[in-house]
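Enquirer: prediction below, plus the sequence it came from.
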Amino acid sequence: MAKASKATKKPAAKTAKKASKKAAPKKAAKKAAKKAAPKKAVKKAAPKKAAPKKAAAKKAAPKKAAAKKAAPKKAAAKRLRTKRAPNPAFMKPLNVSPELGAVVGNNPIPRTEIIKKIWVYIKKNGLQDQNNKRMINADEKLGKVFGSKKQISMFELAKIVNNHVK
C-alpha cells in the first residue's frame, strides 16, 4: 500500500509543478497586457468607427439580393407572353442611292439588311481599322458613301446610311 501512495503522490507533485509553470507565464502575460492596454484602447477606437460602415454595407447587400430575386420573376413573365413582333418600320424596303447600291445592291431592301450587307462588305475587304476596331476605313466604293471622310466610326454608319436611303 505504501507503493500505491507514493505513486499517487508523484503525479500530484508533477501537476503542482506544471501548474506553477503555467501560472508564471499567465502572470507575465497579464502584466504585459496591462502595459499594452492603453495602446490597444487607442487602436480599438478606430475600428469602432469603421464598424458602422461595414454594417451599412451589410444592410445594402440584402437589397441587392432581393433585386436579383425579383429579376427571375420578370423573366418568367416575359416567357409567358407571345413572341414580340418586329417593328414594321424597320422591315419596310427602302430605295438606296447609286453610291450605296454599289455596295449593297440596287434593289429596295430594309434598313436592317442594308447595315448587315455593309458589314459583310467591310469584313470581306478588311476595312476595319486594325488598331481601333471601331473605325471603318473607306475604299473606292465606301468612299463615295462616306463622302469626304476617309474613315468613320461604326456609330456614324447608321447616320451615313440614312443620307443614302429614301
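Expert: Structure received.
Enquirer: measure the nearest residue to residue 99 once chain neighbours are set aside to residue 93 for me?
Expert: On the basis of Cβ to Cβ, 6 or more residues apart in numbering, the spatially nearest residue to residue 99 that is not a chain neighbour turns out to be residue 144, at 4.1 Å. (Glycine included, C-beta is placed from N, CA and C.) Applying Cβ to Cβ, to the nearest Å, one obtains 22 Å for the distance of residue 144 from residue 93.
Enquirer: coming back round to it: measure the residue nearest to residue 99 to residue 136 for me?
Expert: Distance, residue 144 to residue 136, using Cβ to Cβ: 14 Å.
Enquirer: same check, this time on residue 124
Expert: 13 Å.
Enquirer: whichever strand or helix holds residue 144 packs against which elements?
Expert: Taking DSSP states H and E as the definition, one finds residue 144 inside helix 140-146. For helix 140-146, the packing partners by 3 or more Cβ pairs under 8 Å, 6 or more residues apart in numbering; DSSP states H and E come out as helix 98-104, helix 111-125.
Enquirer: what is the burial count for the residue nearest to residue 143 when sequence neighbours are not counted?
Expert: Leaving aside its sequence neighbours, residue 143 sits nearest to residue 150 (Cβ to Cβ, 6+ apart; 7.2 Å). Taking other Cβ atoms under 10 Å as the neighbour definition, residue 150 ends up with a count of 10.
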